[in-house]
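Visitor: Okay, sequence plus prediction incoming.
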There are 2 protein chains.
Amino acid sequence: MRVPNDTTDRLTPMGVMVLALLSEGDMHPYEMVRLMRARRDERLLSITNGTLYHTVGRLQRSGLLDEVGIDREGNRPERTTYTLTDAGKDALLRWLRRELSSIDRPTEFRIALAEAHNLERRDVIENLRVRRDALDEAHALHRDGLTRARHKNVPEQVLVEFERQEVLLEAELRWLDSLLDRLDSEAFPWGPDAFEYSDRYRAQRKAAQQ
Amino acid sequence: MRVPNDTTDRLTPMGVMVLALLSEGDMHPYEMVRLMRARRDERLLSITNGTLYHTVGRLQRSGLLDEVGIDREGNRPERTTYTLTDAGKDALLRWLRRELSSIDRPTEFRIALAEAHNLERRDVIENLRVRRDALDEAHALHRDGLTRARHKNVPEQVLVEFERQEVLLEAELRWLDSLLDRLDSEAFPWGPDAFEYSDRYRAQRKAAQQ
DNA sequence: GGGCGTATAGTCCACATGGACTATTTGAGA
DNA sequence: TCTCAAATAGTCCATGTGGACTATACGCCC
């Protein structure tokens, strides 16, 4: 019987981003903000100081990350640098697997997809296949619900949002199938290495550190 | 110069649902829960007692709704019935117009679309046109960003989420165009009346009242 | 060289959320 | 007829969020 590990299983979007950033190297919170802004992560979540610092504190208290030193550059305010613990790395990977395969948290899925490069290729494929099947089933149910509603003469205007959702479900299914195809071929590069050693990545981190 | 009216402009998703439900008739919070469940509104927001009762209290304090009486049926706990004020109705309509036309809050948009039947047909068309144009522009920007990233040799694996977003943007654009076409023809029924007087609607409300 | 805006690196607090809890009542089954 | 589960109608509280605020330092224009 699997006992749910609350600290580890309940990561907020910001929590995931923090862990993911630290898995690229030790950092102080302000560098995280800069990196996220440089990468346009506002597309995925709202980046606010309050939430960030609160989240870092929380993750530290639950042992997913640790202080590694307090810098002071010139007369600037002091900056606390953090590092990822093994528990933190583990929590990140488990969260990514869970959210990649699940279809009921759209916001979380986008984040998981954006951070999927932290997982091995096989791992990603496996979890996305689960997602594809779940999506397929949800789509069938949705479609049936819609046709039944029409038979019952539910006015079309209250079904508009359902119709949109169906269109989007179909588009996502097609996209996911094509992604899985590409992932299956080795021509599509994958893995932490391809990411970490790109020129662009190094330049971005340097800029964020100033 | 337009002064933002904070109480009115800052509606939470649950706040909007409450106002929308009350615009169908006076209700006590528990009936709202039942109606939302019957209509599968969990698709749009999470329905929790805590949030609902808190929200109703908040809306009352800001004058968007009012108590109209405390019922007691048999020995059941007493139920407070609420009614929508003019300010509440106004706030709802203004929120719907704003969210129908804006592209940067996806969750809110789905709710606005599901409750769009509270607006006149012309109003809906007008705001959705604004949305279509914004979506078009966002799509162009997104597309350009993606091609530029590829030219800069950003590793494909960090672009996967961007690609998905582009596919979904395109699907949504196509859907929106087709919806606008249909709305333009009078063959597509629209308006509060077509909704309120449907058999299904009346049956649902009766069931929720028990 | 005085002033002003922006970058740096955070803190603080009001408010929203959602899960757990409560207390009564009705219905269905043994 | 007794019991036990589910429905009824909520309350309460721990946690999370995000906007406002702070205080110093650097750059730059005149």
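Guide: Great, that's in hand.

Visitor: OK, contacts around the residue of chain A found nearest DNA strand C?
Guide: Per C-beta to the nearest atom of the strand, A:Gly50 is where chain A lies closest to DNA strand C, at 3.1 Å. Any C-beta I mention is one placed from the backbone N, CA and C, and that applies to glycine too. Listed by C-beta atoms under 8 Å, 6 or more residues apart in numbering or on different chains, the contact set of A:Gly50 is empty.

Visitor: Just grab the bridge partners of A:Gly69 for me.
Guide: With DSSP bridges as the criterion, A:Gly69 is bridged to A:Thr81.

Visitor: Give me the distance between it and A:His28.
Guide: For A:Gly69, the distance to A:His28 (C-beta to C-beta, to the nearest Å) stands at 9 Å.

Visitor: Neighbour count: these two, which is higher?
Guide: A:His28 (19 against 11; other C-beta atoms under 10 Å in any protein chain shown).

Visitor: How confident was the prediction at the more buried one?
Guide: pLDDT for A:His28: 93.

Visitor: what do you get for A:Arg76?
Guide: At A:Arg76, the model reports a pLDDT of 53.

Visitor: Please apply the same query to A:Gly69.
Guide: Predicted confidence (pLDDT) for A:Gly69: 76.

Visitor: Test my guess that it contacts A:Thr83.
Guide: No: contact between A:Gly69 and A:Thr83 fails when scored by C-beta atoms under 8 Å: they sit 9.1 Å apart.

Visitor: out of all of them, which helix in chain A is the longest?
Guide: helix A:121-151 (DSSP state H).

Visitor: Which other helices and strands does it contact?
Guide: Secondary-structure packing of helix A:121-151 (3 or more C-beta pairs under 8 Å, 6 or more residues apart in numbering or on different chains; DSSP states H and E): helix A:86-101, helix A:160-184.

Visitor: tell me which element the residue of chain A closest to DNA strand C falls in.
Guide: In the assignment (DSSP states H and E), A:Gly50 maps to helix A:49-61.

Visitor: Kindly report the same for A:Glu67.
Guide: Counting by DSSP H and E, the element that carries A:Glu67 is strand A:65-71.

Visitor: what about that strand and DNA strand C, any contact?
Guide: No: shown here: strand A:65-71 not in contact with DNA strand C (C-beta under 7 Å from any atom of the strand), separated by at least 7.8 Å.

Visitor: Need the contact partners of that strand.
Guide: The contact list for strand A:65-71 (C-beta under 8 Å, 6+ apart) reads A:18-19, A:22, A:26, A:28, A:56, A:59-60, A:78-85, A:88.

Visitor: what separates it from the chain centre, distance-wise?
Guide: 24 Å (C-alpha atoms, centre = their mean, to the nearest Å).

Visitor: Those residues of chain A touching chain B, which are they?
Guide: For chain A, the contact set with chain B under C-beta under 8 Å from any C-beta of the partner chain comprises A:43-44, A:106, A:110, A:113-114, A:116-117, A:152-158, A:160-161, A:163-165, A:167-168, A:170-172, A:174-175, A:179, A:188-191, A:194-195, A:198-200.

Visitor: Would you list the buried entries among the residues you listed?
Guide: Those of these that meet the buried threshold are A:44, A:110, A:113-114, A:116-117, A:154-155, A:157-158, A:160-161, A:163-165, A:167-168, A:171-172, A:175, A:179, A:190, A:194-195, A:198, by 16 or more other C-beta atoms under 10 Å in any protein chain shown.

Visitor: Could you check the angle the helix holding A:Gly50 makes with strand A:65-71?
Guide: Relative orientation of helix A:49-61 versus strand A:65-71 (axes from the mean of the first three to the mean of the last three C-alpha atoms, to 10 degrees): 110 degrees.

Visitor: List the contacts of the residue in chain A positioned nearest to chain B.
Guide: Nearest residue of chain A to chain B: A:Ala171, at 3.5 Å (C-beta to the nearest C-beta). A:Ala171 is in contact with B:Val167, B:Leu168, B:Glu170, B:Ala171, counting by C-beta under 8 Å, 6+ apart.

Visitor: Against A:Glu156, how distant is it?
Guide: 22 Å.

Visitor: and what of A:Asp90?
Guide: Applying C-beta to C-beta, the value for A:Asp90 to A:Glu156 is 49 Å.

Visitor: got it, and A:Arg39?
Guide: Taking C-beta to C-beta as the measure, A:Arg39 falls 42 Å from A:Glu156.

Visitor: And A:Thr107, by the same measure?
Guide: Separation of A:Thr107 from A:Glu156 (C-beta to C-beta) stands at 29 Å.

Visitor: ok, A:Ile125 - how many residues close by?
Guide: For A:Ile125, the count of nearby residues is 16 (other C-beta under 10 Å).

Visitor: what does A:Leu176 give?
Guide: A:Leu176 has 18 neighbours, counted by other C-beta under 10 Å.

Visitor: ok, the closest residue in space to it that isn't next to it in sequence - how many residues close by?
Guide: Once flanking residues are discounted, A:Leu176 sits nearest to A:Arg132: 5.2 Å by C-beta to C-beta, 6 or more residues apart in numbering or on different chains. As a burial measure, A:Arg132 scores 18 neighbours (other C-beta under 10 Å).

Visitor: for the one 5 residues further on, same thing?
Guide: Applying the criterion other C-beta under 10 Å, we find 11 residues in the vicinity of A:Glu137.

Visitor: dump the residue contacts of the closest residue to A:Ile125 other than its chain neighbours.
Guide: Counting by C-beta to C-beta, 6+ apart, A:Ile125 lies nearest to A:Leu183, which is 5.3 Å off, once chain neighbours are set aside. Residues near A:Leu183 by C-beta under 8 Å, 6+ apart: A:Arg121, A:Val124, A:Ile125, A:Leu128, A:Trp190.

Visitor: could the residues you listed be laid out in a markdown table, adding distance to DNA strand D and pLDDT?
Guide: Listed next are the contacts of A:Leu183 as a markdown table, based on distance: C-beta to the nearest atom of the strand, whole Å; pLDDT from 0 to 100:
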| residue | distance to DNA strand D | pLDDT |
| --- | --- | --- |
| A:Arg121 | 30 | 95 |
| A:Val124 | 25 | 97 |
| A:Ile125 | 29 | 98 |
| A:Leu128 | 25 | 98 |
| A:Trp190 | 29 | 89 |
